[in-house]
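K.L.:
my questions concern the predicted model and sequence given below.
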Amino acid sequence: MLCIKAPTTNIQPLGTILTRFISFHYDDYNVYMVENSSPLITKTIMQELAPYLIRNKTSAGLSNSFTHLHQFNQFYQQAVKAIRLGEANTFNQYHDYIALDLLDHIRQDQSLNSYLSPQIQKLAKENSELFKTLKIFFLNHENKKQTALHRSTLDYRLNKLEQEYEINYNAPREYLYVFLSCLLVG
(Lines give C-alpha, C1' and ligand atoms only; values in the text may rest on other atoms or scores of the structure.)
Protein backbone atom coordinates (compact mmCIF):
# COMPACT_ATOMS: atom_id res chain seq x y z
CA MET A 1 0.00 0.00 0.00
CA LEU A 2 1.27 3.44 -0.90
CA CYS A 3 0.07 6.65 0.74
CA ILE A 4 0.86 10.17 -0.38
CA LYS A 5 0.26 13.02 2.03
CA ALA A 6 -2.23 15.31 0.35
CA PRO A 7 -0.75 18.83 0.34
CA THR A 8 -2.95 21.66 1.54
CA THR A 9 -1.81 23.98 -1.25
CA ASN A 10 -2.52 23.66 -4.97
CA ILE A 11 -1.41 20.21 -5.92
CA GLN A 12 -0.15 19.41 -9.36
CA PRO A 13 -1.76 16.34 -10.93
CA LEU A 14 0.09 13.03 -10.87
CA GLY A 15 -0.37 12.69 -14.62
CA THR A 16 0.31 9.10 -15.69
CA ILE A 17 2.07 8.17 -12.46
CA LEU A 18 0.30 5.40 -10.52
CA THR A 19 -2.67 5.21 -12.94
CA ARG A 20 -2.50 1.40 -12.99
CA PHE A 21 -3.39 1.13 -9.29
CA ILE A 22 -6.72 1.39 -7.46
CA SER A 23 -6.73 4.66 -5.54
CA PHE A 24 -8.90 6.65 -3.15
CA HIS A 25 -8.62 9.49 -0.66
CA TYR A 26 -8.69 8.62 3.05
CA ASP A 27 -8.06 11.03 5.95
CA ASP A 28 -5.30 13.33 4.69
CA TYR A 29 -3.80 10.82 2.27
CA ASN A 30 -4.19 9.63 -1.28
CA VAL A 31 -4.02 5.85 -0.99
CA TYR A 32 -2.87 3.54 -3.79
CA MET A 33 -3.29 -0.23 -3.66
CA VAL A 34 0.00 -1.41 -5.15
CA GLU A 35 -0.43 -5.02 -6.24
CA ASN A 36 3.12 -6.07 -5.53
CA SER A 37 5.96 -4.32 -3.77
CA SER A 38 8.74 -6.17 -5.56
CA PRO A 39 12.04 -4.27 -5.68
CA LEU A 40 11.56 -3.49 -9.38
CA ILE A 41 8.07 -2.01 -8.90
CA THR A 42 9.22 -0.11 -5.81
CA LYS A 43 12.21 1.33 -7.68
CA THR A 44 10.02 2.35 -10.63
CA ILE A 45 7.48 4.05 -8.36
CA MET A 46 10.27 5.85 -6.48
CA GLN A 47 11.78 7.16 -9.70
CA GLU A 48 8.43 8.31 -11.05
CA LEU A 49 7.34 9.94 -7.79
CA ALA A 50 10.57 11.69 -6.74
CA PRO A 51 10.14 14.86 -8.86
CA TYR A 52 6.42 15.03 -8.04
CA LEU A 53 7.04 14.85 -4.28
CA ILE A 54 9.69 17.57 -4.38
CA ARG A 55 7.63 19.82 -6.65
CA ASN A 56 4.55 19.50 -4.40
CA LYS A 57 6.46 19.54 -1.09
CA THR A 58 4.82 16.32 0.07
CA SER A 59 5.90 12.82 1.08
CA ALA A 60 4.97 9.23 0.28
CA GLY A 61 5.04 6.11 2.42
CA LEU A 62 5.02 2.47 1.32
CA SER A 63 3.87 -0.24 3.73
CA ASN A 64 5.08 -3.82 3.82
CA SER A 65 3.17 -6.23 1.57
CA PHE A 66 -0.12 -7.76 2.68
CA THR A 67 -2.36 -10.40 1.21
CA HIS A 68 -5.77 -10.04 2.87
CA LEU A 69 -8.06 -7.04 2.67
CA HIS A 70 -8.93 -7.28 6.38
CA GLN A 71 -5.30 -6.23 7.05
CA PHE A 72 -5.89 -2.90 5.31
CA ASN A 73 -5.87 -0.73 8.45
CA GLN A 74 -2.63 -2.21 9.80
CA PHE A 75 -0.77 -1.63 6.54
CA TYR A 76 -2.35 1.77 5.97
CA GLN A 77 -0.92 2.73 9.38
CA GLN A 78 2.50 1.45 8.28
CA ALA A 79 2.45 3.67 5.19
CA VAL A 80 1.41 6.68 7.29
CA LYS A 81 4.16 5.89 9.85
CA ALA A 82 6.71 5.78 7.02
CA ILE A 83 5.66 9.33 6.10
CA ARG A 84 5.73 10.59 9.70
CA LEU A 85 9.04 8.96 10.62
CA GLY A 86 10.71 9.44 7.24
CA GLU A 87 12.23 12.35 5.43
CA ALA A 88 10.16 15.23 4.08
CA ASN A 89 9.42 15.56 0.36
CA THR A 90 10.56 12.04 -0.47
CA PHE A 91 9.51 8.39 -0.80
CA ASN A 92 9.78 6.45 2.48
CA GLN A 93 9.42 2.70 2.96
CA TYR A 94 8.07 1.39 6.26
CA HIS A 95 10.67 -1.37 6.51
CA ASP A 96 13.34 1.35 6.81
CA TYR A 97 11.60 2.75 9.91
CA ILE A 98 10.25 -0.37 11.58
CA ALA A 99 12.80 -0.19 14.44
CA LEU A 100 11.83 3.43 15.15
CA ASP A 101 8.17 2.44 15.14
CA LEU A 102 8.91 -0.36 17.60
CA LEU A 103 10.77 2.06 19.86
CA ASP A 104 7.83 4.45 19.65
CA HIS A 105 5.49 1.71 20.87
CA ILE A 106 7.87 0.76 23.67
CA ARG A 107 8.31 4.42 24.66
CA GLN A 108 4.57 4.69 25.31
CA ASP A 109 4.87 2.18 28.17
CA GLN A 110 5.14 4.28 31.35
CA SER A 111 6.72 1.44 33.35
CA LEU A 112 9.70 1.60 31.00
CA ASN A 113 11.49 4.27 33.05
CA SER A 114 12.72 1.67 35.51
CA TYR A 115 14.68 0.01 32.69
CA LEU A 116 16.37 3.15 31.38
CA SER A 117 19.85 4.27 32.33
CA PRO A 118 19.59 6.79 35.21
CA GLN A 119 22.60 8.64 33.79
CA ILE A 120 20.91 9.05 30.41
CA GLN A 121 17.68 10.21 32.05
CA LYS A 122 19.62 12.77 34.10
CA LEU A 123 21.58 13.89 31.05
CA ALA A 124 18.41 14.38 28.98
CA LYS A 125 16.89 16.55 31.73
CA GLU A 126 19.97 18.60 32.63
CA ASN A 127 21.83 19.04 29.35
CA SER A 128 19.77 18.56 26.20
CA GLU A 129 22.62 19.69 23.93
CA LEU A 130 25.00 17.09 25.32
CA PHE A 131 22.28 14.44 25.18
CA LYS A 132 21.58 15.32 21.54
CA THR A 133 25.29 15.03 20.75
CA LEU A 134 25.47 11.54 22.27
CA LYS A 135 22.35 10.38 20.46
CA ILE A 136 23.56 11.69 17.08
CA PHE A 137 26.96 10.12 17.71
CA PHE A 138 25.29 6.74 18.29
CA LEU A 139 22.94 7.12 15.31
CA ASN A 140 25.99 7.79 13.14
CA HIS A 141 27.58 4.53 14.32
CA GLU A 142 30.15 6.46 16.40
CA ASN A 143 31.51 8.04 13.24
CA LYS A 144 33.00 11.35 14.35
CA LYS A 145 32.99 12.87 10.86
CA GLN A 146 29.28 12.16 10.31
CA THR A 147 28.31 13.55 13.70
CA ALA A 148 28.75 17.03 12.15
CA LEU A 149 30.67 18.69 14.96
CA HIS A 150 34.23 19.89 14.95
CA ARG A 151 36.37 16.97 16.09
CA SER A 152 37.75 18.76 19.16
CA THR A 153 34.23 19.87 20.19
CA LEU A 154 32.96 16.31 19.87
CA ASP A 155 35.92 14.90 21.80
CA TYR A 156 35.36 17.47 24.54
CA ARG A 157 31.66 16.57 24.80
CA LEU A 158 32.30 12.82 24.81
CA ASN A 159 34.90 13.29 27.56
CA LYS A 160 32.41 15.41 29.52
CA LEU A 161 29.86 12.60 29.24
CA GLU A 162 32.31 10.20 30.87
CA GLN A 163 33.53 12.62 33.54
CA GLU A 164 30.35 14.42 34.62
CA TYR A 165 27.67 11.85 33.89
CA GLU A 166 29.71 8.65 34.25
CA ILE A 167 28.47 7.41 30.90
CA ASN A 168 30.65 4.63 29.60
CA TYR A 169 29.64 2.90 26.38
CA ASN A 170 32.84 0.97 25.61
CA ALA A 171 31.74 -2.45 26.91
CA PRO A 172 29.22 -4.20 24.61
CA ARG A 173 26.51 -4.56 27.27
CA GLU A 174 26.93 -0.98 28.44
CA TYR A 175 26.84 0.24 24.85
CA LEU A 176 23.53 -1.47 24.18
CA TYR A 177 22.06 -0.21 27.47
CA VAL A 178 23.16 3.39 26.90
CA PHE A 179 22.18 3.37 23.21
CA LEU A 180 18.69 1.97 23.84
CA SER A 181 18.21 4.40 26.72
CA CYS A 182 19.11 7.30 24.39
CA LEU A 183 16.60 6.13 21.82
CA LEU A 184 13.83 5.57 24.35
CA VAL A 185 14.32 8.75 26.38
CA GLY A 186 13.84 10.96 23.38
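P.N.:
That came through fine.
K.L.:
remind me, longest helix of this structure?
P.N.:
Longest helix of the chain, by residue count under DSSP state H: helix 39-56.
K.L.:
quick one, strands of the chain?
P.N.:
Along the chain, the segments classed as strands by DSSP state E run 2-5, 22-26, 29-33, 60-62, 91-93.
K.L.:
just say which of these is most tucked in.
P.N.:
Sort the strands of the chain by mean neighbour count, taking mean count of other C-beta atoms under 10 Å, and strand 60-62 sits at the top with a mean of 27. All C-beta spots, glycine's among them, are computed from the backbone N, C-alpha and C.
K.L.:
what is that strand packed up against?
P.N.:
When contacts are defined as 3 or more C-beta pairs under 8 Å, 6 or more residues apart in numbering; DSSP states H and E, strand 60-62 packs onto strand 2-5, helix 39-56, helix 72-85, strand 91-93.
K.L.:
check the residue nearest the centre of the chain and give its pLDDT.
P.N.:
Nearest to the geometric centre of the chain sits residue 85, at 3.6 Å (C-alpha atoms, centre = their mean). On the pLDDT scale, residue 85 is placed at 90.
K.L.:
look up how far residue 33 lies from it.
P.N.:
Between residue 85 and residue 33 the distance is 22 Å, computed by C-beta to C-beta, to the nearest Å.
K.L.:
surely residue 14 and residue 55 touch.
P.N.:
No. Residue 14 lies out of contact with residue 55 (C-beta atoms under 8 Å); the separation is 10.9 Å.
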